[in-house]
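Asks: here are the coordinates; sequence isn't available:
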């Protein structure tokens, strides 16, 4: 179990660094541990209704453009990221050590589980399963208070009223939470999602953006409040930004 925990801790440390990018899933493309195996080339075979056979291949470990930087850029970028490294380091250290800290136990658990769900979502081949997992990130950060709790959390963290449009096509916070958490996560987990064969790529993208922004704001708050034992009650406060 120690080896398994060590590997997971390493993966989540990489996930932590990827949160510096607006699209962590893109920043993670091409990264992995040596134990993940040699997956340099992935081949795909598909067929059409007319039995036409199509083949394609891609590199599974090739670093993408968004993650390239010069040798001197990374220390500068990471050096100003205490808001990220301190809270996540606290959570990862507690997990790797096998015991939670005497203080900030709840915060460590919340941060670790949110990072884990986010990592699993970014690496999912299925857009629907990724949506389920990004919905889980929001649920963890909102303390398991379902749709209403997630809506209130987004209001507090991102300062966007739940009835106000948050996307270019006019979707409100309430509508997005209903789609990501309600239709995506909850209905899928309970076997009630009758749209499992539909295209979930857009919902996956918007789910990643909202989950990432809420996680980043949460980590910033935790870093600014070193004495806090738990996240604030989102229903009791207008904003924690």
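Replies: Here it is on my side, so go on. Predicted model only: the values in this text are computed from it and were never measured.
Asks: quick one: the helices in this structure, in order.
Replies: 2-18, 24-27, 73-79, 82-97, 105-122, 127-141, 146-158, 173-177, 187-189, 201-224 (DSSP state H).
Asks: can you give me the offset of the second one from its chain's centre?
Replies: Computed by Cα atoms, centre = their mean, to the nearest Å, the separation of helix 24-27 from the middle of its chain amounts to 10 Å.
Asks: counting by contacts, list what it packs against.
Replies: The elements that helix 24-27 packs onto, with contact taken as 3 or more Cβ pairs under 8 Å, 6 or more residues apart in numbering; DSSP states H and E, are helix 2-18, helix 105-122, helix 201-224. Heads up, the C-betas are built off the backbone N, CA and C, glycines and all.
Asks: what do you get for the fifth one?
Replies: If you count contacts as 3+ Cβ pairs under 8 Å, 6+ apart, helix 105-122 packs onto helix 2-18, helix 24-27, helix 82-97, helix 127-141, helix 201-224.
Asks: ditto for the first one
Replies: Helix 2-18 makes packing contacts with helix 24-27, helix 82-97, helix 105-122 when contacts are defined by 3+ Cβ pairs under 8 Å, 6+ apart.
Asks: report the angle between it and helix 201-224.
Replies: Taking axes from the mean of the first three to the mean of the last three Cα atoms, to 10 degrees, one finds helix 2-18 and helix 201-224 inclined to each other by 90 degrees.
Asks: list the buried residues for helix 2-18?
Replies: Residues 8-9, 11-13, 15-18 are the ones in helix 2-18 that count as buried (16 or more other Cβ atoms under 10 Å).
Asks: closest to residue 156 out of these?
Replies: Comparing the buried residues of helix 2-18 against residue 156 with Cβ to Cβ places residue 16 closest, at 22.9 Å.
Asks: roughly how far does the closest residue to the closest one other than its chain neighbours sit from residue 138?
Replies: Distances taken as Cβ to Cβ, 6 or more residues apart in numbering put residue 88 closest to residue 16, at 4.3 Å, once the chain neighbours are dropped. From residue 88 across to residue 138, the span is 18 Å (Cβ to Cβ, to the nearest Å).
Asks: cool, residue 127 as well?
Replies: Plainly put, residue 127 is 17 Å away from residue 138 if you go by Cβ to Cβ.
Asks: and residue 110, by the same measure?
Replies: Residue 110 is 12 Å from residue 138, by Cβ to Cβ.
Asks: more neighbours: these two, which one.
Replies: Ranked by neighbour count (other Cβ atoms under 10 Å), residue 110 and residue 138 place residue 138 first, with 26 against 21.
Asks: thinking again about what came up before, can I get the helices of the chain in CSV including distance to residue 230 and mean pLDDT?
Replies: Formatted as CSV, those follow (distance: least, Cβ to Cβ, whole Å; pLDDT from 0 to 100):
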stretch, distance to residue 230, mean pLDDT
helix 2-18, 21, 90
helix 24-27, 25, 90
helix 73-79, 28, 72
helix 82-97, 13, 91
helix 105-122, 4, 94
helix 127-141, 12, 95
helix 146-158, 14, 90
helix 173-177, 22, 89
helix 187-189, 26, 79
helix 201-224, 10, 94
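Asks: which of the ones you listed sits most buried?
Replies: Highest mean neighbour count of these: helix 127-141, a mean of 24 (counted as mean count of other Cβ atoms under 10 Å).
Asks: which strands and helices sit next to that one?
Replies: In terms of contacts (3+ Cβ pairs under 8 Å, 6+ apart), helix 127-141 is packed against helix 105-122, helix 146-158, helix 187-189, helix 201-224.
Asks: now for the last one, which elements pack on it?
Replies: Looking back up the chat, that one is helix 201-224. Packed against helix 201-224 by the contact rule (3+ Cβ pairs under 8 Å, 6+ apart) you find helix 24-27, helix 82-97, helix 105-122, helix 127-141, helix 146-158.
Asks: I'm done for today, thanks for sticking with me.
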